[in-house]
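[1] Below is the sequence, then the predicted model.
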Amino acid sequence: MNQEVADAYWKENISAIMKLLAVWFIVSYGCGIIFIDELNTIEFGGFKLGFWFAQQGAIYTFVILIFVYAKWMEKIEEKYDIHE
């Protein structure tokens, strides 16, 4: 792999990571802290939604983002022909 292709690969990789971290930040910090009062007006499974996001939702989102990252990286690696 030449340097130009390697740079493009890492640029796309870092871009994917930053986008997924932004989603995780919005869910964990935004829904669990900033928007908690608005979300607590809604109930989910017998619990206030803001509380649920602070206790469970951020964790579930993180696990889902791990699988999304794995699929996304698989496509990026195929694009740059470095897949297994």
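    Great, that's in hand.

[2] correct me, but E74 touches Y80?
    No. E74 is not in contact with Y80 according to C-beta atoms under 8 Å; the separation is 11.4 Å. (C-beta placed from N, C-alpha, C; glycine too.)

[3] Tell me which residue is most central in this structure.
    L20 (3.3 Å; C-alpha atoms, centre = their mean).

[4] contacting residues around it?
    For L20, the contact set (C-beta atoms under 8 Å, 6 or more residues apart in numbering) comprises 65, 68-69, 72.

[5] Distance-wise, check it relative to E74.
    From L20 over to E74 the distance is 14 Å, taken as C-beta to C-beta, to the nearest Å.

[6] Surely I76 is in contact with N13?
    Yes. Assessed by C-beta under 8 Å, I76 is found in contact with N13 at 6.3 Å.

[7] List of residues touching the lowest-mean-pLDDT helix or strand in the chain?
    Least confident helix or strand, the chain: strand 43-44 with a mean of 84, by mean pLDDT, DSSP states H and E. For strand 43-44, the external contacting residues (C-beta under 8 Å, 6+ apart) are 49, 52.

[8] Can you show me the helices along this protein?
    Assigned by DSSP state H, the helices in the chain fall at 3-25, 36-39, 49-52, 58-79.

[9] Could you dump those into JSON lines and include mean pLDDT?
    Below are the helices of the chain laid out as JSON lines (pLDDT from 0 to 100):
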{"stretch": "helix 3-25", "mean pLDDT": "94"}
{"stretch": "helix 36-39", "mean pLDDT": "90"}
{"stretch": "helix 49-52", "mean pLDDT": "87"}
{"stretch": "helix 58-79", "mean pLDDT": "95"}
